[in-house]
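Engineer: Mind looking at a prediction? Sequence and model below.
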Amino acid sequence: MRLIDTHTHLDFPDFDADRQALLGNARAHGVERMVVLGVYRDNWQRVWDLVCSDPQLYAAFGLHPVYLEEHTPAQVAELGDWLTRLRGERQLCAVGEIGLDYFLPELDPQRQQALFEAQLQLAADFNLPALLHVRRSHAQVIATLKRIKLARGGIIHAFAGSFEQAREYQKLGFKLGLGGAATWPQALRLRKVLPRLPLDWVVLETDSPDMAPAMFAGLRNSPEHLPAIAEALAEVMGVDVEVLAQASTRNACALFGW
């Protein structure tokens, strides 16, 4: 089984003690490539240093909405400078993690929106996909993507919306990132949506070290867990795990131009 983990935070300190062993073990289990996402300015260099140490790691850079209070307008310009400097680099694959989070009440929606639109425009200007954090904000994200169109689309990370929302994202060129959430029996709504999703709409992810699947409850999530996540999702979706793995890998390669 050949897999691509389209959403990790492997630069986080959670992995400092065993990062290289983890990468080797993940590859031994078929996880060939992994995307590492920046979430605030001060971790962009760490992300880039990490991916430069391994030819099968890929970087995305962005200003995550959850860290809104740490971001400044000047950092959007800095992001543009980073993308300019790295333009054409093989291991630069996307703008992200960016988006809207309406779950946390302390995050000002207007400031989030301005930051989101500015970064979407960078993705458009640099012809890169966007990797999106969308929490309780599907309607606003979809409306924004209809105004700021991305030629290369992107991924809706940790998709947990309705089938109708999934279809809107697909029309806009976006894939749906599926990971540990749907492995939990409590995710009743999502587990009803997944069997309806065409396989060419989806990619697989872990969100390591977060969003551990049910079979690794309470543990640090890891790309090593992606094969088990794929098996659990395939069961929910009513497809063979190898078919799901092939579709996800094919979709990720098409999206990122690999």
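Structural biologist: Yes, it's here. Residues are numbered from 1 along each chain as shown.
Engineer: All the strands of the stretch 151-258 of the chain, residue numbers only.
Structural biologist: Assigned by DSSP state E, counting those that start in this stretch, the strands in the stretch 151-258 of the chain fall at 154-157, 174-178, 202-204.
Engineer: just these: most buried one?
Structural biologist: Of those, the one with the most neighbours on average (mean count of other CB atoms under 10 Å) is strand 154-157, at a mean of 28. Every residue, glycine included, has its C-beta placed from N, CA and C.
Engineer: For that one, what does the pLDDT average out to?
Structural biologist: Strand 154-157 comes out with an average pLDDT of 98.
Engineer: That strand: partners in the sheet, and parallel or antiparallel?
Structural biologist: Using DSSP bridges, the strands paired with strand 154-157 in its sheet are strand 130-135 (parallel), strand 174-178 (parallel).
Engineer: what are the C-alpha coordinates of that strand, in CSV please?
Structural biologist: Extracted as CSV, the C-alpha positions of strand 154-157 are listed here (Å, rounded to 0.1, in the frame of the first residue of the first chain):
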residue,chain,number,x,y,z
GLY,A,154,-6.4,22.7,-2.6
ILE,A,155,-7.5,20.5,0.4
ILE,A,156,-10.2,21.0,3.0
HIS,A,157,-8.3,19.7,6.0
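Engineer: in this structure, which strand has the most residues?
Structural biologist: In the chain, taking DSSP state E as the definition, the longest strand is strand 92-101.
Engineer: Show me where this protein dips below the pLDDT cut-off.
Structural biologist: Within the chain, not a single segment meets pLDDT under 70.
Engineer: Residue 5 looks like it's in a strand, true?
Structural biologist: Yes. In this structure, residue 5 lies within a strand as judged by DSSP: H, G, I helix; E, B strand; the rest coil.
Engineer: That one contacts residue 33, correct?
Structural biologist: Yes. Using CB atoms under 8 Å, residue 5 is in contact with residue 33, at 7.4 Å.
Engineer: Understood, closing this out.
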